[in-house]
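Visitor: what follows is a predicted structure for the sequence shown.
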Amino acid sequence: MQFETKIAVVIRTEAWQKLNVASFLAGGIAAAFPECIGEAYEDGSGTKYLSLIGQPILIYGADRPQLSRALERALARNVKPALYTEDMFKTTHDAANRQVVRAVMRADLNLVGLAMRAERRVIDKIVDGLKFHS
C-alpha cells in the first residue's frame, strides 16, 4: 500500500539514548496527526491491545549540521516537526523540556532528533541526502 504521506524521524547518529528520542518523537507525530493512528489490535484469544501508528516510519541518521539543515528545510516547506534537543536529557519533566527549548534560539538548538509527517515528496526533499539509520 502506498501512503500519500510519509513519516520521517531523523536521529543524530552519535546521540545518547537514540531509541528513547525516537519514541518521544513518534509520540509527537501521533499527537499531531491522530488520523495516522490505526485500529486497536486483538489476538486470536480476544486479548485487546493498543492502536499503533498505521503507516511505516522511516528512520534516518544525521549529524548535527544535517539535522539543522533538515529543520530549516522542513520549516521552509511549512512542515512543523517534533524536535528533541540535547538539553532535554537534563530535565525531568515535560514542562522543563519546553523551557529548555524556549531558552535557545533556533540556530543554536543542539538537535538530537526531528520527526515530521507530510506529503511523500515534501518529506523526500527535507531528508534528501540522508541515509537510513543503521
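Guide: Nice, I can see it.

Visitor: what about residue 7, helix or strand, and which?
Guide: For residue 7, the element it lies in under DSSP states H and E is strand 5-12.

Visitor: quick one: mean pLDDT for that strand?
Guide: The average of the pLDDT scores along strand 5-12 is 96.

Visitor: look at residue 16 and give its secondary structure.
Guide: When classified by DSSP: H, G, I helix; E, B strand; the rest coil, residue 16 comes out as coil.

Visitor: per-residue pLDDT, the closest residue to it other than its chain neighbours?
Guide: Nearest non-adjacent residue to residue 16, counting by CB to CB, 6 or more residues apart in numbering: residue 89, 6.8 Å away. Placement of C-beta: from N, CA and C, glycine included. On pLDDT, residue 89 comes in at 95.

Visitor: just read off the phi/psi values of the most centrally placed residue in the chain.
Guide: Centroid-nearest residue in the chain, with CA atoms, centre = their mean: residue 115, separated by 1.9 Å. Backbone torsions for residue 115, taken as degrees, to the nearest 10, come to phi -140, psi 140.

Visitor: thanks a lot, catch you later.
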